[in-house]
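> Return atomic coordinates for the entry below.
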Amino acid sequence: MTYPILATLVAVLSPLGAFLLSALMGRRSVSRVLSIASIAGSLLAAIYVFGQVWEQDILHAQWTWFTIGEYQMRVGILLDNLSVVMLLLVPLIALPVHIYSVAYMAGDPGTHRYWMYLSLFCSAMLGLVVSDNLLVMYVFWELVGFASYLLIGYWFTKESAARANMKAFIINRIGDVGFLVGIGLVYAQFGSLDVRYLFGEGGAVTQALVPDGIWQFEDHSLPAVWLTATGMAFFLGAMAKSAQFPLHVWLADAMEGPTAVSSLIHAATMVAAGVYLLARLFSLFDANVLTIVAWVGTATALLGAFFALTQHDIKKILAFSTVSQLGLMMVAIGTGHVAIAMFYLVVHAFFKCVLFLGAGAVIREMARLRDRYRLAFDPQDIRAMGGLGKRMPITAASMGVAALALAGIPLTAGYLSKDLLLVSVFKWGLQRDGLVTLIPFLLIAVSGMTTFYIARCIFKVFFGKLRVRVSQGYLDTRVHVDAAPKSLLIPMAILALAALFPLFSRQPLHIDDLWLVNGLAAGTVSEASFGVLHSLLPVFTTALSAALALLAWRWYVRGRYQADPSQWLYRLSLNQGYLDAAYQTIFVRPFIALGRAAKAFDTHVVDGAVSGVANAGRKLAAAAGWWDFRVVDGLVRLVGKTASWLGNVFRRSQTGRVQYYMYLMVFAVLLVLIYHLVNQG
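Below you'll find the model as predicted:
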């Protein structure tokens, strides 16, 4: 076993060990120390593995899991450029989140559970990205979902949190069924679940060409529709995990968990798992599946951005932003640009984590303000915020950098990722006919809406005046609002710096030197291949972003807001397209009604029939008991009593007195005489 493989095992098992040790020791364990030390160990191990594997030979180690007859199920670790990027990204994002959580979760009575769940969450995600077997990937996939379920519902005494984690759990089960069906179909065709054997360069899937509509591998032949069905099954799993339309509705509600958890879920763990799955299995997807992926991603990106425009909860704005950005990653995969999708995922992880951590710091201080002055307002509502930039300058600066990256403004890594994605999709669209040519233009609309909603969020939170309402009007703007503690600020500041361009390229405006994309694409991405698109499109999108940011400034800082909240389009955005209401009407209520009907049928018909049979049995038993006691036992008792009576009679007649015997003889003679007299008469 090589050192990189051992280091990978350390990276995966270190958080798992912290989880198990914390669980065994209970509240006696110093959970936060174990969790932070374990994820720091994972990061060091991941850095070593990345240095040994990136753009080097693929490392693949396997062991026999179990044997059935002649078949051996082998599992192991697969280290290539794709897996080591994710292996490094997860602890790189998770460690600042852990450090941030120390202060953020201070004073919470259930922090022992929090640190346990967080360690399990990270271990499951790390195991997922390095697994070389689809079945083991599925096990870790489920563990990621289970840990997220625990973290989303961390404050389980809140009804909203309990409902949110149940919603996330149920919707993800839909996707998990698709993943499981896909595994079955792949095994039925290829007789293997080995990821490298199936999906590696020149692997079995690549060899299974589709001549004349046949999906053929060796002596196994299936209609080509089964190739599409298999790809769609895996995509269904990715749709649920990565919150793609129409299975995106769980992600906004998942904000009920601690904000530090939200940052990790949205940045580098759960929602990233679906994108990683599609990237890993990309060679399986035919043109039909990729077209569907592109359209679903486009719809998700549009709807997520549209819903984010009007939300008042700061975490929900960021949640729908994540939905939209994940849609863009799916579009990149659907158009065949896997390396660009992964580059976008990595860049997005940094700036989205900063945005959530900053939101957590703002919410924390607004809650302290509410409690200090005994006010009644929602500390997550941006309508109550304002002017916090002067009071929380480092938080404002960090979120500002992350917002610029999200909007794709030059000098940020977000500019490079957005530029590369839009230009690549435009080039793809220009080479095709039909409705798919609309996709690049729809992404331009997404880009514009992204700038507007994040500018609205930043302006309403950090600019203007504090808008906390009290009975006499607004709270005095001179009121004291604490700055976040250093343990919250340092992780934000470090991650904000990582959202700038130097981490990914030496050139802030060009894509020739994107080491991450070049490594994942096994080649060099050159601006020349995009022609004039690379010159015109970034200029246009940057100008559009600037214009929309100025509009947001005019509306939300200068107070010249013109949108009418009563308009149907505004209400449609605010109510998230009424999709939750539609699901309640179409699915939830009918299933609840069906459940109640089934319960009534069970209670009144099934249980009624069983109870009727039981009652009839009891009555029959009672009748049998009565017959046995009164008739059968009665006759037996009557015979006994008669015999006893006769015995008593005859016993008393034998007194030994001659007088008594004479009386009896006279009596008998009299009876005989009377009998004869009666008969003769």
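
> next helix or strand past the lowest-mean-pLDDT helix or strand in the chain?
Comparing helices and strands within the chain by mean pLDDT, DSSP states H and E singles out strand 473-474 as the least confident, with a mean of 56. Using DSSP states H and E, the helix or strand that follows strand 473-474 towards the C-terminus is helix 486-498.

> What is that next one packed up against?
Counting by 3 or more CB pairs under 8 Å, 6 or more residues apart in numbering; DSSP states H and E, the packing neighbours recorded for helix 486-498 are helix 81-104, helix 338-373, helix 393-407. The way it works is simple: take the backbone N, C-alpha and C, and place the C-beta from them, glycine included.

> So for stretch 442-454, mean pLDDT?
For stretch 442-454, the mean per-residue pLDDT is 96.

> for stretch 210-222, same thing?
The average pLDDT for stretch 210-222 rounds to 74.

> Pull up the distance across it, start to finish.
Stretch 210-222 has its terminal residues 9 Å apart, counting by CA to CA, to the nearest Å.

> which residues in the stretch 101-250 of the chain form helices?
Ranges of helices in the stretch 101-250 of the chain, per DSSP state H, counting those that start in this stretch, are 111-130, 134-152, 159-190, 195-199, 204-207, 225-241, 249-253.

> Tell me which of these sits most buried.
Among the helices of the stretch 101-250 of the chain, ranked by average contacts under mean count of other CB atoms under 10 Å, first place goes to helix 111-130 (a mean of 26).

> what inclination does it have with respect to helix 81-104?
170 degrees (axes from the mean of the first three to the mean of the last three CA atoms, to 10 degrees).

> Off-centre distance for helix 111-130?
Distance of helix 111-130 from the chain centroid (CA atoms, centre = their mean, to the nearest Å) equals 14 Å.

> Run the angle between that helix and helix 134-152 for me.
Angular relation of helix 111-130 and helix 134-152 on a 0 to 180 degree scale: 150 degrees, by the same axes, to 10 degrees.

> Relative to residue 169, how far out is residue 148?
Taking CB to CB, to the nearest Å as the measure, residue 148 and residue 169 are separated by 9 Å.

> my bad, residue 356
Taking CB to CB as the measure, residue 356 falls 21 Å from residue 169.

> try residue 383
Here the distance between residue 383 and residue 169 works out to 31 Å (CB to CB).

> swap in residue 254?
Residue 254 sits 10 Å away from residue 169, taking CB to CB as the criterion.

> do residue 338 as well
Distance, residue 338 to residue 169, by CB to CB: 29 Å.

> With residue 103 instead?
Relative to residue 169, residue 103 is positioned 29 Å away (CB to CB).

> cool, and residue 260?
Summarising the geometry, the distance separating residue 260 from residue 169, computed by CB to CB, is 20 Å.

> Same question for residue 203.
With the distance defined as CB to CB, residue 203 ends up 34 Å from residue 169.

> Could you pull out the buried residues of stretch 260-269?
Along stretch 260-269, these residues count as buried under the neighbour rule (16 or more other CB atoms under 10 Å): 260-269.

> cool, and stretch 320-337?
By neighbour count on 16+ other CB under 10 Å, the buried set for stretch 320-337 is 320-337.

> any idea of the mean pLDDT for that stretch?
Confidence over stretch 320-337 (mean pLDDT, whole number) is 95.

> May I have it as PDB, with CA atoms only?
These are the backbone C-alpha positions of stretch 320-337, laid out as PDB (Å, rounded to 0.1, in the frame of the first residue of the first chain):
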ATOM      1  CA  PHE A 320     -31.700  30.200  -3.800                       C
ATOM      2  CA  SER A 321     -28.400  31.600  -5.000                       C
ATOM      3  CA  THR A 322     -26.900  28.100  -4.400                       C
ATOM      4  CA  VAL A 323     -29.800  26.500  -6.300                       C
ATOM      5  CA  SER A 324     -29.100  28.800  -9.200                       C
ATOM      6  CA  GLN A 325     -25.300  28.300  -9.200                       C
ATOM      7  CA  LEU A 326     -25.800  24.500  -9.100                       C
ATOM      8  CA  GLY A 327     -28.000  24.900 -12.100                       C
ATOM      9  CA  LEU A 328     -25.100  26.600 -14.000                       C
ATOM     10  CA  MET A 329     -22.800  23.700 -13.000                       C
ATOM     11  CA  MET A 330     -25.300  21.300 -14.400                       C
ATOM     12  CA  VAL A 331     -25.500  23.300 -17.700                       C
ATOM     13  CA  ALA A 332     -21.700  23.000 -17.900                       C
ATOM     14  CA  ILE A 333     -22.000  19.200 -17.600                       C
ATOM     15  CA  GLY A 334     -24.900  19.000 -20.000                       C
ATOM     16  CA  THR A 335     -23.000  20.800 -22.600                       C
ATOM     17  CA  GLY A 336     -20.000  18.500 -22.100                       C
ATOM     18  CA  HIS A 337     -17.700  20.800 -20.100                       C
END
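
> Count the neighbours of residue 378 for me.
Other residues within reach of residue 378, judged by other CB atoms under 10 Å, total 15.

> Now do the phi/psi pair for it.
The phi/psi pair for residue 378 (degrees, to the nearest 10) reads phi -80, psi 120.

> My read is that it contacts residue 367, right?
No. In this structure residue 378 lies outside contact range of residue 367 using CB atoms under 8 Å: 9.5 Å.

> Pass me the low-pLDDT residue ranges in the chain, would you?
Filtered on pLDDT under 70, the chain yields the residue ranges 1, 28-29, 212, 469-480, 482, 522-531, 652-655, 681.
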